[in-house]
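Engineer: need a 3D model of the sequence below.
(one chain, ligands or ions: 1)
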Amino acid sequence: MKEFMNEDFLLTTETARRLYHDYAETMPIFDFHNHLSAQEIYEDINFSNITQAWLYGDHYKWRAMRTYGFPEELVTGPKGDSRTPETPGANQSGCNHADAGSMDYRRFSAWAETIENSIGNPLYHWTHLELQRYFGITEPLSSKTCDKLWEACSEKLSRPEFSVRNLLKMQNVKALCTTNDPCEDLEYHRKLREEGSSVRVLPTFRPDKAYLIGKEDYPAYLAALGKAWGYPINSLSDLKEALVSRLDYFIREGGCLLSDHSLEGALFAPSTDEEAQEIFVRRMAGAALTADDRRRFQGNILTFLGKQYAARNMAMQLHIGALRSNSSRMLQNLGPDTGFDSVDDFCYAGELSALLDSMDRTDELPKTILYCLNQRDYEMLASMCGNFQSAPHRGKIQFGTAWWFCDNKRGMEAQLDVLANLSLLPVSIGMLTDSRSFLSFPRHEYYRRILCNKIGSWVEDGEYPCHMEFLGKMVQNICYHNALKYLTGADA
Ligand SMILES: O=C[C@H](O)[C@@H](O)[C@@H](O)[C@H](O)C(=O)O
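Structural biologist: Below you'll find the predicted structure:
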């Protein structure tokens, strides 16, 4: 039997072990998509206990805790919905810590019981990689150990060397890209930049709300965007000017390198500016729009934005296929991004192709990263990339790494297989955390181990020669250099 998550965790062959330990392990991290707070990095906050670091904002963990039957007050905290009828044994698990009465402790105790029951789930591996890498704890978290681990982690977290900037340094994070609405003033990104922070903290331009014209609060959003721009938005051309102005602000003030878009249900239908303006006027007059109106309006703005990104040599990320906020009751109680989303199953190959072509037609398609939430779409997406590749970029159109419900061992192995089969693995820009927790960076290690194991198995099966120097360099490129080059143009 193998030892539990030791240094050769997930590395099943000698080639895999060499690739990981000799090449991948010490590579820096460029985390080009996450949901971290620039303010918390600027203020270099310390968490006073492990619940704050783990459970205050992570909807993956919340979902698992709900699945195990814990009530909302232990999942999202006292303000959440606590009407769940039955409460399993949170804090009745034999832990006798002095903090036992504190809500944070009770939440950790509930988490310990949940994680003990997460066999086969990536949360189990992430949690234990985090305990090992940040806290030097190799003991598995369970109801029995929760008291001891609570104390050990909380004691460390309160030390200055465990501030969030130091947590980033521990994982050798060189740069990270947060996700930001165009209305944001980026005060903390700017301050970090002025200060010359050793970790580059860059904003990502996420303008979804500017084209989701069917949303009830669309006029209110336009008012906020107009405020950030400095002028009221009364027409399609005002909207486009406002977006360009905010995009340039993001680049100037924050060094923005990427945009991000979540595409759900409808992607694209072509429309002229006159048609899109007419839809805009009807919406602002309070008329109901059809699905086709919404698709055409979104198509017009996305094509426009894509061309703007291309002109600025930025990358465009398209995250496709989330079915969000499925529980209207919990949306009302807790708001979005709280663990009530799942995998959609709509078909969109034709619309995606038309969207990319609407920019490529005039050679104005930016560098593009395509992510999907439904593994069923892996081949469709990876083959779509090949339609629009063009020099001088290597891998201009990227089949993005396994996202969210695919971000697990099986999803990553499948993503790597499909990528290698239908595109070229050596040009991949690799992994990102997409996370809301400062302790999530060992997810890069998880990916790197799976990557090295996959390559190792091809070599050991005689499918590729054992050219360690070439393979080692390739692994290092996928871990770090490719993302750096793709996003910034720099070589090292
Ligand atoms: O990995 C999952 C994420 O954190 C998820 O919440 C985000 O990808 C979010 O849906 C977004 O739209 O950016």
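
Engineer: in the stretch 1-150 of the chain, what residue is nearest the ligand?
Structural biologist: His35 (5.4 Å; C-beta to the nearest ligand atom). Any C-beta I mention is one placed from the backbone N, CA and C, and that applies to glycine too.

Engineer: ok but that residue is inside a helix, no?
Structural biologist: No. Read with DSSP: H, G, I helix; E, B strand; the rest coil, His35 is coil and lies in no helix.

Engineer: ok, now which ones touch it?
Structural biologist: His35 makes contact with 178-179, 434-436, according to C-beta atoms under 8 Å, 6 or more residues apart in numbering.

Engineer: tell me the one among those nearest to the ligand.
Structural biologist: Proximity of the contacts of His35 to the ligand (C-beta to the nearest ligand atom) peaks at Asp434, which lies at 3.9 Å.

Engineer: hmm, that closest one is touching Ala402, no?
Structural biologist: No. Here Asp434 lies out of contact with Ala402, judged by C-beta atoms under 8 Å, at a distance of 10.0 Å.

Engineer: neighbour count: those two, which is higher?
Structural biologist: Legend: neighbour count by other C-beta atoms under 10 Å for Asp434 and Ala402, higher for Ala402 (26 against 20).

Engineer: thought the more buried one was touching Val418?
Structural biologist: No. Judged on C-beta under 8 Å, Ala402 makes no contact with Val418 at a distance of 10.1 Å.

Engineer: do stretch 326-344 and the ligand meet?
Structural biologist: Yes. Against the ligand, stretch 326-344 shows contacts by C-beta under 6 Å from any ligand atom at Asp337.

Engineer: which residue ranges form the strands in the stretch 301-450 of the chain?
Structural biologist: Remark: strands assigned in the stretch 301-450 of the chain by DSSP state E, counting those that start in this stretch are 315-320, 322-323, 342-343, 367-372, 397-399.

Engineer: and the pLDDT at Asp491?
Structural biologist: Asp491 carries a pLDDT score of 87 in this model.

Engineer: of the strands of the stretch 301-450 of the chain, which is nearest Pro140?
Structural biologist: Nearest to Pro140 among the strands of the stretch 301-450 of the chain is strand 342-343; the distance by C-beta to C-beta comes to 28.9 Å.

Engineer: quick one: contacts of that closest one?
Structural biologist: Contact with strand 342-343 is made by 321-323, 326, 373-374, 405, as judged by C-beta under 8 Å, 6+ apart.

Engineer: check contacts around the residue lying closest to Phe399 once chain neighbours are set aside.
Structural biologist: Sequence neighbours aside, Ala382 is the residue nearest to Phe399 in space, at 4.3 Å (criterion: C-beta to C-beta, 6 or more residues apart in numbering). By C-beta under 8 Å, 6+ apart, Ala382 lies in contact with 399, 418-419, 421-423.

Engineer: in helices only, show me the residues you listed.
Structural biologist: The helices, defined by DSSP state H, take in 418-419, 421-422 from these.

Engineer: among these, who's most crowded?
Structural biologist: With neighbours taken as other C-beta under 10 Å, the top of the ones in helices among the contacts of Ala382 is Leu419, carrying 22 neighbours.

Engineer: how close does the residue nearest to that residue when sequence neighbours are not counted get to the ligand?
Structural biologist: Counting by C-beta to C-beta, 6+ apart, Leu419 lies nearest to Phe399, which is 5.2 Å off, once chain neighbours are set aside. Phe399 is 17 Å from the ligand, where distance means C-beta to the nearest ligand atom, to the nearest Å.

Engineer: isn't Phe399 up against Ala420?
Structural biologist: No. Using C-beta under 8 Å, Phe399 is not in contact with Ala420, being 10.2 Å away.

Engineer: between the two, which is the more surrounded one?
Structural biologist: Just comparing Phe399 and Ala420: by other C-beta under 10 Å the higher neighbour count belongs to Phe399, 24 against 16.

Engineer: residues in contact with the more buried one?
Structural biologist: Phe399 neighbours (C-beta under 8 Å, 6+ apart): 370, 378, 381-382, 385, 415, 418-419, 422-423, 428.

Engineer: please apply the same query to Met431.
Structural biologist: Shown in contact with Met431 (C-beta under 8 Å, 6+ apart): 401, 443-444, 447-448, 479.
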